[in-house]
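Trainee: I would like the atomic coordinates for the input below:
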Amino acid sequence: MLKLLLLEFIGIILILSTSILTHSNPYFIGLAYMSALLISHESPGHFNPIFLFMQYLLGRIPLNEFLKFLSIQLLAVIGFVIAYKY
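Mentor: Now for the predicted structure:
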């Protein structure tokens, strides 16, 4: 499970950094999403809280897994913003 959470964290960082560095160029963000999915072929690869929430509501992931992935996504965003600003 730790490996899946680490892959989710790296994927979020990759997507956020691409978005910031390319000024939200949709082509590069699409490539970043595809790269993140290819890197994390073992992970569910949510990379987005909305998709994560949808998977939970559909009953595809349990509540404890939902909370773990959501918290790792929030940590990735907070960590990226701190690193980018300072």
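Trainee: Three-state assignment for residue 46, please.
Mentor: With DSSP: H, G, I helix; E, B strand; the rest coil as the basis, the three-state label of residue 46 is coil.
Trainee: oh sorry, the question was meant for residue 30
Mentor: When classified by three-state DSSP, residue 30 comes out as helix.
Trainee: Count the residues that sit near it.
Mentor: Close neighbours of residue 30, defined as other C-beta atoms under 10 Å, add up to 11. In this view, the C-beta of every residue, glycine as well, is placed from N, C-alpha and C.
Trainee: next one: the one 5 residues further on
Mentor: By other C-beta under 10 Å, the residues close to residue 35 number 14.
Trainee: pLDDT below threshold where in this protein?
Mentor: In the predicted model of the chain, residues 42-43, 45 satisfy pLDDT under 70.
Trainee: Now the longest helix along the chain: buried residues?
Mentor: Taking DSSP state H as the criterion, the chain has its longest helix at helix 63-85. Within helix 63-85, the residues scored as buried using 16 or more other C-beta atoms under 10 Å are 65, 66, 68, 69, 70, 72, 73, 76, 80.
Trainee: cool, and stretch 3-21?
Mentor: With burial defined by 16+ other C-beta under 10 Å, the residues of stretch 3-21 counted as buried are 4-5, 7-9, 11-16, 18-19.
Trainee: Switch these over to JSON lines; also include distance to residue 44 and secondary structure.
Mentor: What follows is those, written out as JSON lines (distance: C-beta to C-beta, whole Å; DSSP: H, G, I helix; E, B strand; the rest coil):
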{"residue": "4", "distance to residue 44": "7", "secondary structure": "helix"}
{"residue": "5", "distance to residue 44": "11", "secondary structure": "helix"}
{"residue": "7", "distance to residue 44": "9", "secondary structure": "helix"}
{"residue": "8", "distance to residue 44": "8", "secondary structure": "helix"}
{"residue": "9", "distance to residue 44": "13", "secondary structure": "helix"}
{"residue": "11", "distance to residue 44": "11", "secondary structure": "helix"}
{"residue": "12", "distance to residue 44": "13", "secondary structure": "helix"}
{"residue": "13", "distance to residue 44": "17", "secondary structure": "helix"}
{"residue": "14", "distance to residue 44": "16", "secondary structure": "helix"}
{"residue": "15", "distance to residue 44": "15", "secondary structure": "helix"}
{"residue": "16", "distance to residue 44": "19", "secondary structure": "helix"}
{"residue": "18", "distance to residue 44": "20", "secondary structure": "helix"}
{"residue": "19", "distance to residue 44": "21", "secondary structure": "helix"}
